[in-house]
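Peer 1: fold the following, please.
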Amino acid sequence: MSMADGELRRDPASRGPRDGRDAEGAVNDVEDAQESDAARRRRRAQFLRELHEAKQLRDRVQPRRARAARMRQQMRMRTFRW
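Peer 2: Have a look, this model is predicted:
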């Protein structure tokens, strides 16, 4: 008798190397996650700095649009109810 495809996939011997991790691999994954989290925060901070700088530049080169946006924001704040 031959096995069905589903039975072959469930066979423990046919699993890949990822399922048989040792404790050292798990520790490395935690360290990588922490490093990547710190790197992500650095990239996000850099992005936000550049975004703020770009908005300031746009406001300087388009003063009428910047003034209109300020007026709209003030109107929104005046009509906001708690």
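
Peer 1: list the helices and strands the helix or strand that contains residue 71 packs on?
Peer 2: Residue 71 belongs to helix 63-79 when assigned by DSSP states H and E. Helices and strands touching helix 63-79, by 3 or more C-beta pairs under 8 Å, 6 or more residues apart in numbering; DSSP states H and E, are helix 23-61. In short, each C-beta sits where N, CA and C put it, glycine included.

Peer 1: the helix it packs on - what's its average pLDDT?
Peer 2: Average pLDDT, helix 23-61: 87.

Peer 1: orientation of it relative to helix 63-79 in degrees?
Peer 2: Here helix 23-61 runs at an angle of 110 degrees relative to helix 63-79 (axes from the mean of the first three to the mean of the last three C-alpha atoms, to 10 degrees).

Peer 1: now helix 23-61: buried residues?
Peer 2: Within helix 23-61, no residue is scored as buried using 16 or more other C-beta atoms under 10 Å.

Peer 1: and that helix, what does it pack onto?
Peer 2: helix 63-79.

Peer 1: restricting to C-alpha, output the helix it packs on in CSV.
Peer 2: Taking C-alpha atoms only, helix 63-79 is exported to CSV below (Å, rounded to 0.1, in the frame of the first residue of the first chain):
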residue,chain,number,x,y,z
PRO,A,63,3.7,80.5,2.1
ARG,A,64,0.1,81.0,0.9
ARG,A,65,-0.7,77.3,1.1
ALA,A,66,1.0,77.1,4.6
ARG,A,67,-1.1,80.0,5.8
ALA,A,68,-4.3,78.5,4.5
ALA,A,69,-3.5,75.2,6.2
ARG,A,70,-2.8,77.1,9.5
MET,A,71,-6.2,78.8,9.1
ARG,A,72,-8.0,75.6,8.5
GLN,A,73,-6.3,74.0,11.5
GLN,A,74,-7.3,77.0,13.7
MET,A,75,-10.9,76.7,12.5
ARG,A,76,-10.9,73.0,13.3
MET,A,77,-9.6,73.7,16.8
ARG,A,78,-12.2,76.4,17.4
THR,A,79,-15.1,74.2,16.3
